[in-house]
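Visitor: Fold the following.
(2 chains)
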2 protein chains.
Amino acid sequence: MLREAREAPQVVTRQAGDASIERAAQTIAAFAPSFVVTLARGSSDHAATTLRYGIETHLRLPVVSAAPSVAGVYHADVSYQGALVLAISQSGGSPDLVETLAQARRGGALTCALVNTLGSPLAHAADLVLPLHAGEERAVAATKSYLAALTLGAQLLCAWRPDEALSAALHRLPGALDAVLAQEERAVAAAGRLTGDQTTLVLGRGLHAGVAAEAALKLQETAGVGALAFSTAEFAHGPARLAEPGTPALFFQARDATAPFTADSLSTLRGYGAQITLIGDDVPGQAADLPTPPTGHALTDPAVSALAAQLLIAHAALRRGENPDAPPRLAKVTRTR
Amino acid sequence: MLREAREAPQVVTRQAGDASIERAAQTIAAFAPSFVVTLARGSSDHAATTLRYGIETHLRLPVVSAAPSVAGVYHADVSYQGALVLAISQSGGSPDLVETLAQARRGGALTCALVNTLGSPLAHAADLVLPLHAGEERAVAATKSYLAALTLGAQLLCAWRPDEALSAALHRLPGALDAVLAQEERAVAAAGRLTGDQTTLVLGRGLHAGVAAEAALKLQETAGVGALAFSTAEFAHGPARLAEPGTPALFFQARDATAPFTADSLSTLRGYGAQITLIGDDVPGQAADLPTPPTGHALTDPAVSALAAQLLIAHAALRRGENPDAPPRLAKVTRTR
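Guide: Numbering: from 1, shown residues only, chains lettered A, B, ... in the order given. Purely as a prediction, here's the structure:
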């Protein structure tokens, strides 16, 4: 997981050199979808959550997060006519994703697979294929393929609706990822706070809600730590009950429109006595434990925060005596229906 | 929470006598939306998750679960033209929901508020208003208003696309809810398994995924138990790591197309040594701890399972010395942006 996380800058550089993104974007723009459907599971679905906020804020198109069981289990043929379906998968091997994508394509959707394994059934079933360019992923828990989905999504949005600030931010991204990697010692130092047996709260919002969800999943699967992810807004609707003096909390503070609201949430959480580990921007009264360099755009910042979280969690897993590359019970290809 | 859960059968009877559901359904059918947007937070959003599976399987229309922060925080005006927006809220008071609904209405969506407080800002902002008929909800943690949203959703789907089997099931529903309430002693007996400090896994799938999510939230907010909800398919993609000998797990086994798949998941989970409390149907090798009466339709069964879970969790909270009607840190109206 650590070695693969360290490859993130090269992955982004490989993506930036791939002309197929621009060609796919032209096809998509010509199709002019009326809405977008994301189709993914696990870590890929968390990348889709960030992409969803990106699509809604950058393109103003509504995004459906497909429930693969609707086609695969209930056999209901949802009408995706006029939609762009973006399927995200490392392996491209899960039957439910292939079935839902094929059904959407027959029903008049434009389908695009973001996959790492180009010869996979999902890639074969799609109109358009975009390689994640993650390279072979050896760790069972998705690391660089998740980051690759985040950054490929940003590249695709920029090609689809060109934006100078976003383009500049994408050029700066490998450097920003390198800067995060250069701070690994900070991750080592902070990891000790996430190694207890108490349930850890993981909080982010908007473009960072999916980053928080992915961090919680990684804590679960690689460190064996019970972790609960919430948007800070949803947290106020109930789960705030769980924050007690000493409760570990991993908090993502973004440099976007959510910042004043999440800063308030952080302050409330601190008032409850939670032991907060802060990734991202400083908040008045609390300096970031893992400060992230600004990339210059809200749509590229999540990748940087996500990489910082991966370093932190990999070191937490090691400290708990776990092998983050081979967690129990998981397989590289999860076949679900 | 317990007293209010016990009112569930009357709530459904009041809804069944409300002619405004039929009128709203006629307006919606005439509008012929090309997709549906659900707009909700917390428990109401969990009701929306079940409604989403209902809409996709019963009407074959895609469903967007709106992220209220896209309008409220990022100020992005997503195009919801031609959509039906279903906003669900007990209080109808949260500014982000009102803002998103108003923006969707200006943009050409048909908007419908499912609310308990008819004089609320959300009700005033919507084209159509459907009362939840929950009656005054005194417990802070949503109980009967959540159930009311589930059952009102099923009533609306039946009026929108009439279906004899669903109509018959809706008529049987108050009786089925009564049958669950008559088994409260079983809930008291099973509650002891959910009172430890270990993170509890809560698993359901498809129409029951939202029921599982709500059960986890209620465990968190009323009993102070760390609880993690997953669809059984997502569980296999990573969090399975958390199941160890003795790990408490609350499992929903539905009588619908998911049954063979979830039965397999239950068997796997049992193999890990998890201590399973089963709600719903029996599974080969494991009888249900809280068996639920079949209502005769997949779209009405979730309400019955949800009520069984509420009884169980309320008793778990009491056993932990908590007052499930007044959990710390929560307010009846949560104002988020």
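Visitor: Quick check: buried residues in the helix or strand of chain A with the lowest mean pLDDT?
Guide: Lowest by mean pLDDT, DSSP states H and E among the helices and strands of chain A is helix A:232-236, with a mean of 86. Across helix A:232-236, burial judged by 16 or more other Cβ atoms under 10 Å in any protein chain shown covers A:Thr232, A:Ala233, A:Glu234, A:Phe235, A:Ala236. Yep, even glycine has a C-beta here, placed from its N, CA and C like the rest.
Visitor: Kindly report the same for stretch A:160-177.
Guide: Using 16+ other Cβ under 10 Å as the test for burial, stretch A:160-177 gives A:Trp160, A:Asp163, A:Leu166, A:Ala169, A:Leu170, A:Arg172, A:Leu173, A:Pro174, A:Ala176, A:Leu177.
Visitor: out of the residues you listed, which are inside helices?
Guide: Judged by DSSP state H, helices contain the following of the buried residues of stretch A:160-177: A:Trp160, A:Leu166, A:Ala169, A:Leu170, A:Arg172, A:Leu173, A:Pro174, A:Ala176, A:Leu177.
Visitor: Near the nearest residue to the third one once chain neighbours are set aside, how many other residues are there?
Guide: This points to A:Ala169. Nearest non-adjacent residue to A:Ala169, counting by Cβ to Cβ, 6 or more residues apart in numbering or on different chains: A:His297, 3.5 Å away. Look at A:His297: counted by other Cβ atoms under 10 Å in any protein chain shown, it has 21 neighbours.
Visitor: Surely A:His297 and A:Ala165 touch.
Guide: Yes - the pair A:His297 / A:Ala165 is scored as a contact, 5.5 Å apart, by Cβ atoms under 8 Å.
Visitor: need the contact list for the residue nearest to A:Ala169.
Guide: For A:His297, the contacting residues are A:Ala165, A:Leu166, A:Ala168, A:Ala169, A:Leu170, by Cβ atoms under 8 Å, 6 or more residues apart in numbering or on different chains.
Visitor: which one of those residues sits closest to A:His133?
Guide: Using Cβ to Cβ, A:Leu170 comes nearest to A:His133 of the contacts of A:His297, at 13.8 Å.
Visitor: Contacts only, for the closest one.
Guide: With Cβ under 8 Å, 6+ apart, A:Leu170 has these contacts: A:Val12, A:Ala16, A:Thr151, A:Ala154, A:Gln155, A:Cys158, A:His297, A:Thr300.
Visitor: I'd like the distance between the residue nearest the centre of chain A and chain B.
Guide: In chain A, the residue lying closest to the centroid (Cα atoms, centre = their mean) is A:Ala47, at 3.0 Å. As judged by Cβ to the nearest Cβ, to the nearest Å, A:Ala47 and chain B stand 13 Å apart.
Visitor: Quick check, that residue in contact with A:Ala154.
Guide: No - the criterion here is Cβ under 8 Å, and A:Ala47 misses it with A:Ala154 at 10.4 Å.
Visitor: ranges for the helices of the stretch 151-300 of chain A?
Guide: A:164-181, A:184-191, A:209-218, A:232-236, A:259-271 (DSSP state H, counting those that start in this stretch).
Visitor: Which of those comes out lowest on mean pLDDT?
Guide: Across the helices of the stretch 151-300 of chain A, helix A:232-236 has the smallest mean pLDDT, namely a mean of 86.
Visitor: contacts for that one?
Guide: Outside of helix A:232-236, the residues within contact range by Cβ under 8 Å, 6+ apart are A:201, A:203-205, A:258, A:261-262, A:265, A:268, B:41-42, B:45, B:68-69, B:96, B:334, B:336-337.
Visitor: cutoff 7 Å now
Guide: Around helix A:232-236, the neighbours that count as contacts under Cβ atoms under 7 Å, 6 or more residues apart in numbering or on different chains are A:Leu203, A:Arg205, A:Phe261, A:Thr262, A:Ser265, B:Arg41, B:Gly42, B:Ser69, B:Thr334, B:Thr336.
Visitor: The nearest residue to A:Pro121 once chain neighbours are set aside sits in which helix or strand?
Guide: Using Cβ to Cβ, 6+ apart and skipping the chain neighbours, the partner closest in space to A:Pro121 is A:Val98 (4.8 Å). Element membership for A:Val98 (DSSP states H and E) is helix A:95-106.
Visitor: Indicate the residue of the stretch 1-150 of chain A located nearest to chain B.
Guide: Here the residue of the stretch 1-150 of chain A nearest chain B is A:Gly42; by Cβ to the nearest Cβ that distance is 3.3 Å.
Visitor: And for that residue, the neighbour number?
Guide: Residues lying near A:Gly42 (other Cβ under 10 Å) number 27.
Visitor: That one touches B:Gly238, doesn't it?
Guide: Yes - with contact defined as Cβ atoms under 7 Å, A:Gly42 reaches B:Gly238; the gap is 5.4 Å.
Visitor: who are the neighbours in contact with the residue of the stretch 51-200 of chain A found nearest chain B?
Guide: Taking Cβ to the nearest Cβ as the measure, the stretch 51-200 of chain A has A:Thr199 as its residue closest to chain B, at 3.2 Å. Applying Cβ under 7 Å, 6+ apart to A:Thr199 gives the contacts A:Gly226, A:Ala227, A:Leu228, A:Leu242, B:Thr199, B:Gly226.
Visitor: 10 Å - rerun?
Guide: Neighbouring residues of A:Thr199 by Cβ atoms under 10 Å, 6 or more residues apart in numbering or on different chains: A:219, A:225-228, A:242, A:247-248, B:197-200, B:220, B:225-228.
Visitor: Strands along the stretch 51-200 of chain A, start to end?
Guide: All strands of the stretch 51-200 of chain A, identified by DSSP state E, counting those that start in this stretch, fall at A:63-65, A:83-89, A:110-115, A:128-131, A:200-204.
Visitor: Distance-wise, check the closest residue to A:Ala189 other than its chain neighbours relative to chain B.
Guide: Distances taken as Cβ to Cβ, 6+ apart put A:Asp289 closest to A:Ala189, at 8.0 Å, once the chain neighbours are dropped. The gap separating A:Asp289 from chain B is 23 Å, by Cβ to the nearest Cβ.
Visitor: Also A:Leu266?
Guide: Going from A:Leu266 to chain B by Cβ to the nearest Cβ gives 15 Å.
Visitor: I figured that residue hits A:Ala249, correct?
Guide: Yes - between A:Leu266 and A:Ala249 there is a contact under Cβ atoms under 10 Å: 8.9 Å.
Visitor: shared neighbours of those two, anything?
Guide: Residues touching both A:Leu266 and A:Ala249 by Cβ under 10 Å, 6+ apart: A:Leu203, A:Ala274, A:Ile276, A:Leu278.
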